[in-house]
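S.K.: Provided below are the primary sequence and the corresponding predicted coordinates.
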Amino acid sequence: MNTDIILNILVATIAAGTPLIYAALGELIAEKSGVLNLGVEGMMLVGAISGFIAMAKTGSLVLAVTMGMLAGALMALIFAVLTLTLMANMVASGLALTIFGVGLSAFMGLDYTSVALGSIPTLNIPVLSSLPIIGKALFSFDILIYISWLLLAGISWFLYKSRAGLMIKAIGENPKSGHALGFPVIAIRYLTVLFGGAMAGLGGVYLAVAYTPMWVENMVAGRGWICLALVVFSTWRPARVMIGAYLFGGVTIIQFHIQSFGFDIPSQILSMLPYIATIMVLVFISRDINLIKLNSPASLGKTFHPENN
């Protein structure tokens, strides 16, 4: 492979991994507080179609992002009310949210299946964008990719350096102790769930508005489940989320180049590769139970209500 092909694959890999970074980081924050939301797929789909409609009608990327994040947060609010206020089972509620999101997004997108959007322009950074090789590899992306990098840095600082981040982690480890110390456990969990929903919606917006850009029913195509796997793959650490997202993105992109390299592999097998790779990674990580227990929030998936404690 020549340099141009390698650079094209690298750029495409980063683009393919970006929606996963957004959604997985949002889910990571929610899980750090002890809330397991399996509705990422549904939130991404509703965020995708909401952002797509806004972009198609107004041409404003800012409005598209805003509407997508708002739609994702509203979906997450449904989940939060069910699990944090009404004490419903988190796993069942998350699965129901995904099913609801798939149907709702399909209904909302009935009139937009034949609509195509223009591509989002890439940022031209003086001097840096014109550098040989590194200019295309690092400085030839749209603004949403750069925002994902800033988000990663911000969340890393927030979790490990800020008082609020330490409070979230404390609640995720032991909500009873947090409540005894005077922390508003339910309110904090509401905020983390809403943030997770907003980030899932933003990931969906990137798929529909920047990565494709078009609306196709069920276009998230399992990425929400991949995001849930990425949180485990990263052992609940933000930097590893990015590594996992780009690993998945790289496998996704490589499948489109394998046949051009002379390998006679059925396309159906190639389409399975990203998901097979994800399963293999999870199986490998799951062998070390102690590592997962060490980093997993102790109260993950467990309901809590102050009146019962």
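M.R.: That came through, no problem. All values reported here derive from a predicted model rather than from experimental measurement. Numbering: from 1, shown residues only.

S.K.: where does the stretch 101-250 of the chain dip in pLDDT?
M.R.: By pLDDT under 70, the low-scoring segments of the stretch 101-250 of the chain are 126-131, 133, 135-137.

S.K.: now with 50, please.
M.R.: The model of the stretch 101-250 of the chain has no residue with pLDDT under 50.

S.K.: in it, which spans are helices?
M.R.: Using DSSP state H, counting those that start in this stretch, the helices of the stretch 101-250 of the chain run over residues 134-138, 143-161, 163-173, 175-180, 185-205, 223-233, 238-258.

S.K.: can you state the direction angle for the next helix-or-strand element following the last one and helix 238-258?
M.R.: Just to be clear, that refers to helix 238-258. As assigned by DSSP states H and E, the chain's next helix or strand after helix 238-258 is helix 267-286. Helix 267-286 runs at 160 degrees relative to helix 238-258, counting by axes from the mean of the first three to the mean of the last three Cα atoms, to 10 degrees.

S.K.: which strands and helices sit next to whatever helix or strand L95 lives in?
M.R.: Counting by DSSP H and E, the element that carries L95 is helix 90-108. With contacts taken as 3 or more Cβ pairs under 8 Å, 6 or more residues apart in numbering; DSSP states H and E, helix 90-108 sits against helix 40-58, helix 61-80. Just so you know, the C-beta spots here come from the backbone N, C-alpha and C atoms, and that holds for glycine as well.

S.K.: what about the longest one, average pLDDT?
M.R.: The average pLDDT within helix 61-80 is 97.

S.K.: report the buried residues of that helix.
M.R.: Neighbour-count burial for helix 61-80, counted by 16 or more other Cβ atoms under 10 Å, picks out 61, 64-76, 78-80.

S.K.: how near is the nearest residue to T66 once chain neighbours are set aside to D142?
M.R.: Residue nearest to T66 in three dimensions, not counting chain neighbours: A54, with 7.5 Å by Cβ to Cβ, 6 or more residues apart in numbering. Distance from A54 to D142, counting by Cβ to Cβ, to the nearest Å: 17 Å.

S.K.: okay, those two: which has more neighbours?
M.R.: In terms of neighbours (other Cβ atoms under 10 Å), A54 is the more surrounded of A54 and D142; the figures are 23 against 19.

S.K.: residue contacts, the more buried one?
M.R.: Taking Cβ atoms under 8 Å, 6 or more residues apart in numbering, we find A54 in contact with 60, 63-64, 66-68.

S.K.: from M75, how far out is the residue nearest to E41 when sequence neighbours are not counted?
M.R.: Leaving aside its chain neighbours, E41 sits nearest to G224 (2.8 Å; criterion: Cβ to Cβ, 6+ apart). Remark: distance between G224 and M75 (Cβ to Cβ) = 11 Å.

S.K.: between those two, what contacts are shared?
M.R.: Counting by Cβ under 8 Å, 6+ apart, the shared contacts of G224 and M75 are 39, 42-43, 200.

S.K.: can you select the buried ones among these for me in PyMOL?
M.R.: Burial among these is assessed by 16+ other Cβ under 10 Å; the matching PyMOL selection reads:
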select buried, resi 39+42+43+200
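
S.K.: circling back to that earlier point, tell me how far the residue nearest to E41 lies from V115.
M.R.: Per Cβ to Cβ, G224 is found 23 Å from V115.

S.K.: shouldn't P297 be in contact with A170?
M.R.: No. Between P297 and A170 there is no contact under Cβ atoms under 8 Å: 9.9 Å.

S.K.: quick one, which of those two is more surrounded?
M.R.: P297 (22 against 19).

S.K.: orientation of the longest helix seen in the chain relative to helix 40-58 in degrees?
M.R.: As assigned by DSSP state H, the longest helix anywhere in the chain is helix 3-32. If you take the same axes, to 10 degrees, helix 3-32 sits at 120 degrees to helix 40-58.

S.K.: which elements pack onto helix 3-32?
M.R.: Counting contacts by 3+ Cβ pairs under 8 Å, 6+ apart, helix 3-32 packs against helix 40-58, helix 134-138, helix 143-161, helix 163-173, helix 185-205, helix 223-233, helix 238-258.
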